[in-house]
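S.K.: Predicted model follows, preceded by the sequence.
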Amino acid sequence: MTLLPLVCLIAGWCRTGPTDSLAVLKSARRARDAFEVTRRARLPERPSGSNGGRYEIIGRIRYWSDGAADEDSAPPEPRSIRQARAKLLATLDEAGAALPGDEWIAGQRVRYLLEDDQPRLAAEVVVQCRAVVWWCEALGGLVRHVERDFVGADSLFAAALADMPEDERCRWNDISSLLEGELAGRYRNLDCVGRAALEARWWWLAQPLYSLTGNDRRTEHFARQTMVRIEQGRRTTYGLYWEDDLRNVMLRYGWPMFWTREPPRSPLVQSDPYVTGHLASPTFHFAAGARALDDPGNAKPEDWSFDRPQARESYAPPYAKAFEYLDHQQAVFRRDDSCVVVAAYDLSSDTLFAQRAVTSALALAADERTLALSRDSGVIAGARALTATAPCGPLVMSLEAVAPGERHVARARYGVTPVRRSPYHPAISDLLLFDPADSLAATLDAVVPHAYGSTRVSTDRKLGVFWELYGADPAAGAVGVSLTLSRQGTGWLRRAVESLGLAGPRRDVRLEWQEMSESASIAPRTLAIDLSGLAPGRYLLEVAVTPAGAETVTAQREILIERP
């Protein structure tokens, strides 16, 4: 009975009295503030600049982005700062052992370990966390997000939101700082319950890649919310005390990856250093516009703009050093109650992708819960065609190509609303352009491998056109078909020259014929057109079909004819 206390005291792990929680917490906070003072004084010097004067003032903060990757330009962190951080972490470790349930201490330990590039130790802090459950889960989500485990981060943030008090959950779900214009006003007029549906759709449409499991744009937001809670209430690395302007900047653009300070203007004048925080880059704008939010099935490509100047919010995906529009061709075909979407692209002449291994995907999403996905992995960039099947109805189509080694991404996203099919009225599919072989393919499956990767066609190649007719009764008689290829929008100078007889009029193509439909369900058709006699320019290709005793149905596609 007398031996245990003696051994305990010698080992140094027995408590001889209650811990002075307030003293421990005050000591940890002083250590944290002292480190930030040291850091500000010893930051590497670099003139800040402001992208040629294009910047936004947010409270006390001047924010600008030049769109360039900044990750390789980070100066080496001074040894004195690394040593000071190590000392701070040791102090925080002791404070965490004494107060394992303190939320502030747990948050600081995770923040500075991640900053010190020690995510595994940060994950251990999360495991040891004895603070309120939802805060420990949020810290875990932050660590998983930084580690690029977006699925794990999504899961932990969902758990944290479920375990939060209702008012806290409302604050974390709030996306008002990310919205602008009419949409922002509409959102502000809703209560927390009413905002939920809008938030879910906004995050669905803002997800950068549907082919990537886990919505990393949403986990980025909740990671930013976690960092906001970690930093609030104290003086920051900028030397500013935390206020709403810093919260606004962090939620819209993220937290700094490193800091520099402005060189002193005069060695004779002592003042606090002017600090610049360098955020992750390059950044992109993934949020969709209000039109896409209200009617996703009819959204246009321009409803998503990656590089909008002075965007309201932005995000730097760790898997993308470049994010561009993917030129392609897309067509929809019906199969009973489902629709087959064909999307083809050709990256062989794209300098970002040429001769690189590319993973591509075609995603069809009816809403934030329903996704059909087709993948094509590890092929060398070139002409590829993918097909995916989903229930017919308004869809968001996202065609995605990624060169993971180089971190290059290309994407095309917009709404697709198939024409409603009726058993009483014939219908026509979209037109699919393809490179015709010696013998024309007779079915969709045979045509798809030869689909053109865009709507640009060279005059030295034949143009294959494929379509399907639905619901034409063979017993009703012959079907009238016409194909027209007409040049669009010649300039005023060309029209003036033609009117004076100094140049021949533009040449169009028109073909007409009659045929018998072999099936009332699906009647596929193919045709090859010689383009060699046509002048380069933009043309409208139209196929019109008139079944016996029925109204004419048409399908159109704009194409660009180019010289080889």
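M.R.: Noted; the coordinates are in hand. Being a predicted model, the structure only gives us computed values, none of them experimental. Residues are numbered from 1 along each chain as shown.
S.K.: Give the burial count for Ala442, as a bare number.
M.R.: Neighbours of Ala442 under the rule other Cβ atoms under 10 Å: 12. Placement of C-beta: from N, CA and C, glycine included.
S.K.: correct me, but it touches Ala523?
M.R.: No. Applying Cβ atoms under 8 Å as the test, Ala442 and Ala523 come out as separate, 10.9 Å apart.
S.K.: how would you label the most centrally placed residue in the chain: helix, strand or coil?
M.R.: Residue closest to the mean C-alpha point of the chain, counted by Cα atoms, centre = their mean, is Pro208 at 1.6 Å. Secondary structure for Pro208, judged by DSSP: H, G, I helix; E, B strand; the rest coil, is coil.
S.K.: One more: Arg109?
M.R.: From three-state DSSP, the assignment for Arg109 is helix.
S.K.: For it, list the residues it contacts.
M.R.: 89, 92-93, 96, 122, 125 (Cβ atoms under 8 Å, 6 or more residues apart in numbering).
S.K.: Of these, grab the buried ones for ChimeraX.
M.R.: Selection of buried members from the contacts of Arg109 for ChimeraX, criterion 16 or more other Cβ atoms under 10 Å:
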select :89,92,96,122,125
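S.K.: Go through the contacts of Arg109 and name the one nearest Arg29.
M.R.: Distance to Arg29 across the contacts of Arg109 (Cβ to Cβ) is lowest for Leu92, with 10.2 Å.
S.K.: Quick check: the closest one touching Tyr112?
M.R.: Yes. In this structure Leu92 lies within contact range of Tyr112 using Cβ under 8 Å: 7.0 Å.
S.K.: ok, Phe258 touching Ile81?
M.R.: No. Using Cβ under 8 Å, Phe258 is not in contact with Ile81, being 10.4 Å away.
S.K.: For the nearest residue to Ala478 once chain neighbours are set aside, give the beta-bridge partners.
M.R.: The shortest distance from Ala478 to any non-neighbouring residue, by Cβ to Cβ, 6 or more residues apart in numbering, is to Gln514 (4.4 Å). Judged by DSSP bridges, the bridge partners of Gln514 are Gly480.
S.K.: Counting neighbours, what do you get for Gln514?
M.R.: For Gln514, using other Cβ under 10 Å, the count is 11.
S.K.: Wait, it touches Val479, no?
M.R.: Yes. With contact defined as Cβ under 8 Å, Gln514 counts as touching Val479 (6.7 Å).
S.K.: Need the overlap of contacts for these two.
M.R.: Common neighbours of Gln514 and Val479, using Cβ under 8 Å, 6+ apart, do not exist here.
S.K.: Would you mark the buried spots in stretch 316-324?
M.R.: Within stretch 316-324, the residues that count as buried by 16+ other Cβ under 10 Å are 316-317, 319-324.
S.K.: Can you give me the end-to-end span of it?
M.R.: 14 Å (Cα to Cα, to the nearest Å).
S.K.: any weak-confidence spans in the stretch 451-564 of the chain?
M.R.: 490-507, 520 (pLDDT under 70).
S.K.: swap the cut-off to 80 and go again
M.R.: Applying pLDDT under 80 to the stretch 451-564 of the chain flags the ranges 475, 489-507, 516-520.
S.K.: what about the helices in it?
M.R.: 492-499 (DSSP state H, counting those that start in this stretch).
S.K.: That one: strands as residue ranges?
M.R.: Secondary structure of the stretch 451-564 of the chain (DSSP state E, counting those that start in this stretch): strands at 456-458, 463-470, 479-487, 509-515, 522-529, 537-546, 553-562.
S.K.: next one: the third one to chain centre, how far?
M.R.: The chain centre lies 40 Å from the centre of strand 479-487; the measure is Cα atoms, centre = their mean, to the nearest Å.
S.K.: For this structure, spot the helix or strand the model is least confident about on average.
M.R.: Within the chain, no helix or strand scores below helix 3-11, which has a mean of 40 by mean pLDDT, DSSP states H and E.
S.K.: Contacts only, for Ser176.
M.R.: Contacts of Ser176 by Cβ under 8 Å, 6+ apart are 184, 187-188.
S.K.: no, scratch that, I was asking about Ser177
M.R.: By Cβ under 8 Å, 6+ apart, the contact list for Ser177 reads 248, 251-252, 313.
S.K.: And those residues, which is closest to Glu406?
M.R.: Closest approach to Glu406 among these (Cβ to Cβ): Glu313, at 26.0 Å.
S.K.: Which pLDDT value belongs to the closest one?
M.R.: Predicted confidence (pLDDT) for Glu313: 95.
S.K.: What is the neighbour count of it?
M.R.: Glu313: 21 surrounding residues under other Cβ under 10 Å.
S.K.: following the helix or strand harbouring Ala123, which helix or strand comes up?
M.R.: Assignment of secondary structure by DSSP states H and E places Ala123 within helix 119-128. With elements assigned by DSSP H and E, the helix or strand that comes after helix 119-128 is helix 133-146.
S.K.: what helices or strands is that next one leaning on?
M.R.: helix 103-115, helix 119-128, helix 150-163, helix 216-231 (3 or more Cβ pairs under 8 Å, 6 or more residues apart in numbering; DSSP states H and E).
S.K.: Contacts for that helix, please.
M.R.: Contacts of helix 133-146 (Cβ under 8 Å, 6+ apart): 103, 106-107, 110, 114, 119, 122-123, 125-126, 129-130, 150, 152-154, 156-157, 159-161, 163-164, 168, 216, 219-220, 222-223, 225-227, 229.
S.K.: May I see the PyMOL selection of the buried members of these?
M.R.: Of the contacts of helix 133-146, the buried ones can be selected in PyMOL as follows, counting by 16+ other Cβ under 10 Å:
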select buried, resi 103+106+107+110+114+119+122+123+125+126+129+150+152+153+154+156+157+159+160+161+163+164+168+216+219+220+222+223+225+226+227+229
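S.K.: sorry, back to before: quick check, nearest of the contacts of Arg109 to Trp304?
M.R.: Ala122 (33.7 Å).
S.K.: Alright, that wraps it up for me.
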